[in-house]
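[1] Quick one, what's the 3D model for this:
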Amino acid sequence: MRKNHEYSNQVGKSLITNNSFSEKLGLIPKTQISYELKNLEKKEKIRFHYLLQGKKETPGLLQKEGGKLIKPGLIEIPPEKTKIFLKKMNKITDKIKVKNILEIK
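    From the prediction side, this is the model:
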């Protein structure tokens, strides 16, 4: 399991246009974060859910930062938001894996 994964905001981006090189090829860069909550107490699982999904009127990280829940235990986010998610998620669980992917437009 990775902890404190570092991801540079400029990886694969043009310094002139600030666009991703992969986008010119018809690919969209994304980051998938898988996590495991199996050994956490119920209150910590709820806290993690609120962190990602929000609570009542308060939006969660996924809504604020443009991510989405793919399935329980897997979220997909913009690569430049990786540090934000990992910093907050690592406060609750260290069972996290990060995978950078390219999606076809």
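
[2] Report the buried residues of the helix with the most length in the chain.
    Longest helix of the chain, by residue count under DSSP state H: helix 42-53. By neighbour count with 16 or more other Cβ atoms under 10 Å, helix 42-53 contains the buried residues Phe48, Leu51, Leu52. Where C-beta positions appear, they are placed from N, C-alpha and C, glycine not excepted.

[3] ok, which stretches of this protein are strands?
    Using DSSP state E, the strands of the chain run over 27-35, 54-55, 58-59, 68-71, 74-77, 96-104.

[4] Reformat those as TSV; add mean neighbour count.
    Converted to TSV, the strands of the chain look like this (neighbours: other Cβ atoms under 10 Å):
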stretch	mean neighbour count
strand 27-35	17
strand 54-55	14
strand 58-59	11
strand 68-71	11
strand 74-77	18
strand 96-104	13
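
[5] now those strands as TSV including distance to Glu41 and mean pLDDT?
    Below are the strands of the chain laid out as TSV (distance: least, Cβ to Cβ, whole Å; pLDDT from 0 to 100):
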stretch	distance to Glu41	mean pLDDT
strand 27-35	16	94
strand 54-55	18	95
strand 58-59	22	96
strand 68-71	22	97
strand 74-77	21	98
strand 96-104	18	94
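
[6] Relative to the centre of the protein, find the outermost residue for me.
    Here the centre of the chain is the reference, and by Cα atoms, centre = their mean the most remote residue is Ile16, at 26.2 Å.
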